[in-house]
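[1] structural data only, the sequence is not supplied:
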């Protein structure tokens, strides 16, 4: 994290001081600080920061020496640096009418050539994201139907109200979800000779196991396996077990699955006379549900890296892993520490 500085007046700095400011600012961006924040901290304009990045790209750290004047003009100047940064961080290739949604060096080079008429070399364009403080990231995929306003209301109004009401009633909040373990789902990597893709023998049969679960911020975890489709009857059976396991009122937050909204489900909840309340997350917002991380853990560490030969073995593996998760409240609590779920902690 950068520390604040007084507003910098470059005219009052010596060449040595200005050189130091330039180098520190460029280094800050390369560490991951945004150009806007870097400009604010060093008391300069964003244009100045992008200009220094352009100079650095042209001639390295020596190009930031304030004693040096003139020199060859960068092919991509400050304006180009700012456009590239904004294009990569605020948009996707498909917004430039490219048939892709993730950036690659090839696509970035094509975008730069189209915009500025400068065909950068592969080595140059591969260095560029790092020089702008960007790093390769695994993206979070979100449905385009997602309503940002609804998510904002959930985070700022609806969930705080749910939490306050639960506290007043002495209720415990759980986040529930359903998912399936599949015979064909695999994860992880292994070692192999360079250029030779390893082959792991596995069954070609397709079978699965559906599981319902609920987690609490206290580290508690409940689950139930289901042989067939998860419908209202199956969901109600899970609700019965969840309520029976506590003497406190239960507040359960779930997504918009049809079983959660069924008339039969509503009637069951009403019959409990306040012992159970259901609340629905905003549509297309699985990242807001800490329960989603149960399935990531199950698939990556429980069943995804195992050779599964039949339905009974799949069920045994899933049950073994889910039971081990029940004994690790710290792991369950960690699901509430992700950036998108910490609001529920």
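    On my side now, so go ahead. All of these numbers come straight from a predicted model, not from anything done at the bench. Numbering: from 1, shown residues only.

[2] got the domain boundaries for this structure?
    10-131, 148-186+205-344 (automatic domain parsing).

[3] okay, those domains in CSV with mean pLDDT, mean neighbour count and distance to residue 137 next?
    Where C-beta positions appear, they are placed from N, C-alpha and C, glycine not excepted. Output for the domains of the chain, formatted as CSV (pLDDT from 0 to 100; neighbours: other CB atoms under 10 Å; distance: least, CB to CB, whole Å):
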stretch, mean pLDDT, mean neighbour count, distance to residue 137
domain 10-131, 82, 16, 10
domain 148-186+205-344, 89, 16, 12
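
[4] strands of the stretch 151-300 of the chain, residue ranges please.
    Secondary structure of the stretch 151-300 of the chain by DSSP state E, counting those that start in this stretch: the strands cover 172-182, 208-215, 221-226, 250-254, 276-280.

[5] need those in CSV with distance to residue 289, can you?
    Formatted as CSV, these follow (distance: least, CB to CB, whole Å):
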stretch, distance to residue 289
strand 172-182, 5
strand 208-215, 9
strand 221-226, 14
strand 250-254, 7
strand 276-280, 11
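
[6] do you know how far residue 234 is from residue 266?
    As judged by CB to CB, to the nearest Å, residue 234 and residue 266 stand 16 Å apart.

[7] ignore the last one, residue 159
    Distance from residue 159 to residue 266, counting by CB to CB: 21 Å.

[8] and what of residue 228?
    To residue 266, residue 228 is 22 Å away according to CB to CB.

[9] of all the strands of the stretch 151-300 of the chain, which one is nearest residue 89?
    Of all the strands of the stretch 151-300 of the chain, it is strand 172-182 that lies closest to residue 89, at 30.6 Å by CB to CB.

[10] what about that closest one, distance to the chain center?
    19 Å (CA atoms, centre = their mean, to the nearest Å).

[11] residue 154 contacts residue 282, correct?
    Yes. Between residue 154 and residue 282 there is a contact under CB atoms under 8 Å: 5.0 Å.

[12] find the residues that touch each one of the two.
    residue 288 (CB atoms under 8 Å, 6 or more residues apart in numbering).

[13] who's in contact with the nearest residue to residue 155 once chain neighbours are set aside?
    Of all residues not flanking residue 155 in the chain, residue 343 sits nearest, at 5.6 Å (CB to CB, 6 or more residues apart in numbering). For residue 343, the contact set (CB under 8 Å, 6+ apart) comprises 155, 159, 288.

[14] which of the residues you listed fall in helices?
    residue 159 (DSSP state H).

[15] list just the nearest of the contacts of residue 343 to residue 28.
    Looking at the contacts of residue 343 and their distance to residue 28, the nearest is residue 155, at 30.1 Å (CB to CB).

[16] from residue 333, how far off is the closest one?
    For residue 155, the distance to residue 333 (CB to CB) stands at 20 Å.

[17] doesn't residue 211 make contact with residue 299?
    No. Residue 299 is not in contact with residue 211 according to CB under 8 Å; the separation is 11.0 Å.

[18] need the overlap of contacts for these two.
    Common contact partners of residue 299 and residue 211 (CB under 8 Å, 6+ apart): residue 181.

[19] follow-up on the earlier one: any figure for the gap between the residue nearest to residue 155 and residue 324?
    Remark: distance between residue 343 and residue 324 (CB to CB) = 28 Å.

[20] with residue 86 instead?
    As judged by CB to CB, residue 86 and residue 324 stand 46 Å apart.

[21] what's the span of stretch 335-345 from first residue to last?
    Start-to-end span of stretch 335-345 (CA to CA, to the nearest Å) is 9 Å.
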